[in-house]
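>>> Here is a sequence together with a model predicted from it:
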Amino acid sequence: MEFLKVKENDTKVVFPLKTISPSTISRDLEIVKGSRLVVSIFVKTMAPDSAIMLKVFDRFSDSVDPVQILLIPCDSVGPVKKTLIDFHSFVTFEAEILTGDVEFSVGVSVYQNMSRDALFDTETRSPFVVAPSGVIETGELIRLIGGNFESGPLPDVTWLTNNVGSGSGAVVNGELVLSTGAVADSIAEVQTANRAEFVTATFNKAHLAIQMEDVNAPDVIREFGVFDPIQPAGLSTIQDGVLFRNNSGVISLVRQRGGSDVEEIFENNFNGNVAFRKSEIVSVFELVYNAGVILFFQNRRLVHTMRSLLSVAYDTVHLAVALRVENINGNTAVNTLKTRGFSCSRIGTSSAQPDSVTILDGDGLLKNSPGELVSVIINEVGVAGATLELFDNIAAVGVPIISLDLTNDQIPIPYGRRLNNGLFYDTSGAGFEVVVNWR
């Protein structure tokens, strides 16, 4: 087998410019040295309704079947460029011409490690930067929710689970393993009980270490990201978020709003310079998001940027971290989704300064989103029977998180309590003056 040898800082023509009728052509390359492969295809002319599919395969050895690591579909004239940063020494380029004649050429350039000189993101004015390699650089992370998995059952105070059919979740050797079991249409889901508070003018970053065994298995959906599949009682039913989805081997990126998919981008249309790579080993997936921009990373490389410019991306940016696996179409095979931990952090400032209100009587809504109850100060005591109740909600519903007798002098009461839904107060009696601080 004759290989086209390409070494560091080389640029070589893989397929010279010529017109090819419907067929499949291929060429083998040996990457002598280098760690970044830039693949370029230029389509000069093509017949109506024609298309070309350029594929790149890793060739581990003669005894192992090649593994596809890049797919570039082209159905119009012009250039397309993609970057690979994870490949072996031997690769195969394959061009499949469909339907009609296509005049095209393909080239490849090999470089050393990419520069890590950071570039400020002038579009989003974000408090983080993305290097040319797509690596996110940040000076400060404040973890809001999530964590690792040690041993024993999941504490239901911080984690929520939902199992349907033979679905189950268990912590095994430092991993949370979600399994469908062998019953048709079974589901296993887990999500954080709390939501990651979003502060305007910052970004949140979700981090998930995920393993998908049998990544191309049919009739199974695996999803993970910042979304709300369980809809627990006591939390507002948001059903918003963004997530990675593997539906029977088909990879897509999804934005949900009001319980429905409002945007789904498939792998062939990802706009990052680094191709997404399906793998059965543990990969790190990250989502960096605010109200209008979502960046999707795989192994710290930017694979796609999603923008919602005409309206906010979702009804709330206070999101939970979740993952789920579901057998569909009557599938009875045992399918799993594993994680070594997931969390969501804020990039940038820790929070806003506290807001305050002086309460003399009645009830009212102080906050309609997640946050923190900071403190309560009783300035003036009330008459007999005067009380204050505070609710982690947008109305006086459920069990109050705080119940205070306002007839006794008290020193300022610090709380530092997480709020998942909002903050509502309800009082009885008269004659008191109370200050509530929150953020």
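Arrived safely. Quantities reported herein were computed from a predicted structural model and do not represent experimental measurements. Numbers count the residues shown, from 1 in each chain.
>>> Relative to V317, how far out is I187?
Distance, I187 to V317, using CB to CB, to the nearest Å: 26 Å. In this view, the C-beta of every residue, glycine as well, is placed from N, C-alpha and C.
>>> hang on, I meant I401
In terms of CB to CB, I401 sits 23 Å off from V317.
>>> same check, this time on G385
41 Å.
>>> So which of these two has more stuff around it?
For the pair G385 and V317, the greater number of neighbours falls to V317 (24 against 11), based on other CB atoms under 10 Å.
>>> Quick check: that one touching L287?
No - under the criterion of CB atoms under 8 Å, V317 is not in contact with L287, lying 11.9 Å apart.
>>> The residue lying closest to D409 once chain neighbours are set aside: how many residues sit nearby?
Closest residue to D409 apart from its sequence neighbours, by CB to CB, 6 or more residues apart in numbering: V381 at 5.9 Å. By other CB under 10 Å, 16 other residues sit near V381.
>>> thinking I394 is in contact with N420, fair?
No - counting by CB under 8 Å, I394 stays clear of N420, with 11.1 Å between them.
>>> More neighbours: these two, which one.
Shown here are I394 and N420; by other CB under 10 Å, N420 has more neighbours (20 against 16).
>>> Let me know the distance separating the more buried one from V157.
Noted for N420: a distance of 12 Å to V157, by CB to CB.
>>> just S21 next, same as before
Note on S21: its distance to V157, by CB to CB, is 65 Å.
>>> Let's see the pLDDT reported for L373.
At L373, the model reports a pLDDT of 88.
>>> So in terms of bridging, what pairs with I251?
According to DSSP bridges, the partner residues bridging I251 are N246.
>>> show me what contacts the residue lying closest to G429 once chain neighbours are set aside?
Among residues not flanking G429 along the chain, A386 sits closest, at 3.0 Å (CB to CB, 6+ apart). Contact analysis of A386 by CB atoms under 8 Å, 6 or more residues apart in numbering lists 405-407, 427-432.
>>> Which single one of the residues you listed is nearest to I52?
T427 (70.7 Å; CB to CB).
>>> partners of the helix or strand where the closest one lies in the sheet?
For T427, the host element (DSSP states H and E) is strand 423-428. Applying DSSP bridges, strand 423-428 is found paired with strand 363-367 (antiparallel), strand 387-391 (antiparallel).
>>> residues of the first one that come out buried?
By neighbour count on 16 or more other CB atoms under 10 Å, the buried set for strand 363-367 is 366-367.
>>> residue boundaries of the helices in the stretch 1-150 of the chain?
For the stretch 1-150 of the chain, applying DSSP state H, counting those that start in this stretch gives no helices.
>>> what do you get for the stretch 151-300 of the chain?
According to DSSP H, counting those that start in this stretch, the stretch 151-300 of the chain contains no helices.
>>> Quick one: low-confidence residue ranges for it.
151-152, 231-238, 273 (pLDDT under 70).
>>> Phi, psi for the residue nearest to G429 please.
Note on A386: backbone dihedrals following degrees, to the nearest 10 are phi -70, psi 130.
>>> confidence score at it?
91.
>>> Check the gap between it and I413 for me.
Taking CB to CB as the measure, A386 falls 16 Å from I413.
>>> can you check L54 too?
According to CB to CB, L54 and I413 sit 65 Å apart.
>>> Nearest residue to I394 in space, ignoring adjacent ones along the chain?
I394's closest residue in space is G422 (CB to CB, 6+ apart), at 4.4 Å.
>>> give me every residue that touches the one you found.
Contacts of G422 by CB under 8 Å, 6+ apart are 236, 365-371, 392-394.
>>> and the two most separated of the residues you listed?
Checked with CB to CB, the contacts of G422 reach their widest spread between S236 and L366, with 15.4 Å between them.
>>> measure the residue nearest to G429 to S403 for me?
For A386, the distance to S403 - CB to CB - is 12 Å.
>>> re earlier: mean pLDDT lowest where, among the strands paired with strand 423-428?
Among these, strand 363-367 carries the lowest mean pLDDT, at a mean of 88.
>>> And the residue nearest to I394, what's its pLDDT?
So, for G422, pLDDT stands at 85.
>>> Run through the bridge partners of the nearest residue to N290 once chain neighbours are set aside.
Leaving out its chain neighbours, the residue that sits closest to N290 by CB to CB, 6+ apart is F203, at 5.2 Å. Using DSSP bridges, the bridge partners assigned to F203 are I347.
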